[in-house]
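Asks: Return a 3D structure for these sequence lines:
(chains A and B)
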Amino acid sequence: GQNIDQPTEMTATEGAIVQINCTYQTSGFNGLFWYQQHAGEAPTFLSYNVLDGLEEKGRFSSFLSRSKGYSYLLLKELQMKDSASYLCAVRDPPYNTDKLIFGTGTRLQVFP
Amino acid sequence: GAVVSQHPSWVICKSGTSVKIECRSLDFQATTMFWYRQFPKQSLMLMATSNEGSKATYEQGVEKDKFLINHASLTLSTLTVTSAHPEDSSFYICSASDDRDRFTDTQYFGPGTRLTVL
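Replies: Next comes the predicted model:
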């Protein structure tokens, strides 16, 4: 079956660093995405990993290990506006090259 | 770039009526668009994949006769919820990937439509 696991909730302090983990078990793999979603809004694209390693983009970095079925999103210098849900999604290609399977999301609360 | 719009942003309707939601890619062409549904505090669930010029592909458990999808052009897909009932109340979100982006095929999401059925 298809399974993507993330912690349900996390809290952190403004200015700190937080790591959100994602583990996946899917029948196929063709890339992993991280999205940010504020309450009541649509998800916005943060990062994409298809090869093992770290992708850095400003304050956000994402890591992928395909052999371990594992990814994490690293947020540095946390700001209050980073309070949101973070969705891990795996592209599963067998029937549709673009189909994304989403995890349940991690709700991050940043406190002053 | 990569802007996706949805209309309406929210709608309230009576039980038994039909509601049409539009999804447009504003600055790119999208042969494929996707429709998701999201219940409160839950993640996105893919309902169907919309393909321009052909029939949509529905996920298991999604009634194709209830959720009609029409992808009439490379920039427009519509989702019609027919004979809506209160249990159809949800946040409906569409996404699209730019036809030119054959490497990442990143999906860009619309702002969502909140449907409330009374």
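
Asks: Centroid-nearest residue for chain B?
Replies: B:Trp35 (3.3 Å; Cα atoms, centre = their mean).

Asks: contacting residues for that residue?
Replies: Contact analysis of B:Trp35 by Cβ atoms under 8 Å, 6 or more residues apart in numbering or on different chains lists B:Cys23, B:Leu46, B:Met47, B:Ala48, B:Ser50, B:Phe67, B:Ile69, B:Ser77, B:Leu79, B:Tyr92, B:Ile93, B:Cys94. To be clear about C-beta, it is placed using only N, CA and C from the backbone, and glycine gets the same treatment.

Asks: just these that are near chain A?
Replies: B:Leu46, B:Ile93 (Cβ under 8 Å from any Cβ of the partner chain).

Asks: now the strands: where do they sit in chain A?
Replies: Using DSSP state E, the strands of chain A run over A:3-5, A:9-13, A:18-25, A:32-37, A:44-49, A:53-57, A:60-65, A:70-75, A:84-91, A:100-102, A:106-111.

Asks: ugh, typo on my part, it should be chain B
Replies: Going by DSSP E, chain B shows strands at B:4-7, B:10-13, B:19-25, B:32-38, B:45-51, B:57-58, B:67-73, B:76-81, B:90-97, B:107-109, B:113-117.

Asks: can I get the ones you listed in CSV with mean pLDDT?
Replies: Listed next are the strands of chain B as CSV, based on pLDDT from 0 to 100:
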stretch, mean pLDDT
strand B:4-7, 95
strand B:10-13, 96
strand B:19-25, 96
strand B:32-38, 93
strand B:45-51, 91
strand B:57-58, 92
strand B:67-73, 92
strand B:76-81, 96
strand B:90-97, 94
strand B:107-109, 91
strand B:113-117, 96
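
Asks: of all the strands of chain A, which lies closest to B:Ser5?
Replies: strand A:44-49 (14.3 Å; Cβ to Cβ).

Asks: List of residues touching that closest one?
Replies: Contacts to strand A:44-49, defined as Cβ under 8 Å, 6+ apart, come from residues A:31-37, A:55, A:57, A:60-64, A:71, A:73, A:86, B:104, B:106-109.
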